[in-house]
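A.B. asks: what's the 3D shape of this:
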Amino acid sequence: MTNKEKLSNLLGLAQRAGKIISGEELVIKAIQHQEAKLVFLANDAAANLTKKITDKSTFYKIEVSTAFDALELSMALGKPRKVVCVVDAGFTKKMRTLMD
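C.D. replies: Prediction:
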């Protein structure tokens, strides 16, 4: 099992545990309120969405990962999504180790 598959499974687990915020507006709010620990942005998301999320994340110093495309992200979460953020420190720590 590759690290990317493990990461995908972990995203699904975090989703079921209620530690994921998904959807553009909600993710931006979470970034602004410093709740987001790690943002996953689909690497094939629209340019305006990519810019919006990257600018906000850079400003608030929150890491953005483009490890997945929209399809992989949607598969991991079980619903169509282009951007999600993790709001749990434990999950974030584990995900970072898989991304390195």
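A.B. asks: For the strand or helix carrying residue 64, which strands pair with it and how are they oriented?
C.D. replies: Assigned by DSSP states H and E, residue 64 falls within strand 63-65. Strand 63-65 has the following strand partners under DSSP bridges: strand 38-41 (parallel).
A.B. asks: which other residues reach the partner strand?
C.D. replies: 11, 27, 31, 49-50, 53-54, 57, 62-68, 73, 82-86, 92, 95-96 (C-beta atoms under 8 Å, 6 or more residues apart in numbering). (Glycine included, C-beta is placed from N, CA and C.)
A.B. asks: and if you look at stretch 54-67?
C.D. replies: 4, 7, 28, 31-32, 34, 36-43, 53, 85, 95-96, 99.
A.B. asks: Any figure for the gap between residue 78 and residue 12?
C.D. replies: As judged by C-beta to C-beta, to the nearest Å, residue 78 and residue 12 stand 7 Å apart.
A.B. asks: my bad, residue 64
C.D. replies: In this view, residue 64 and residue 12 are 20 Å apart by C-beta to C-beta.
A.B. asks: Mind jotting down where the strands sit in the protein?
C.D. replies: In the chain, strands defined by DSSP state E lie at 20-22, 38-41, 63-65, 83-86, listed in chain order.
A.B. asks: rewinding a little: between residue 64 and residue 12, tell me which one has more neighbours.
C.D. replies: Between residue 64 and residue 12, counted using other C-beta atoms under 10 Å, residue 64 has the larger neighbour count: 18 against 15.
A.B. asks: List the residues that contact residue 99.
C.D. replies: So residue 99 contacts 3, 7, 65, 67 (C-beta under 8 Å, 6+ apart).
A.B. asks: Could you give the number of residues near the nearest residue to the second one once chain neighbours are set aside?
C.D. replies: Put plainly, it is residue 7. Setting aside the residues directly before and after it, residue 7 is nearest to residue 98 in space (C-beta to C-beta, 6 or more residues apart in numbering), at 4.7 Å. Counted with other C-beta under 10 Å, the neighbours of residue 98 add up to 16.
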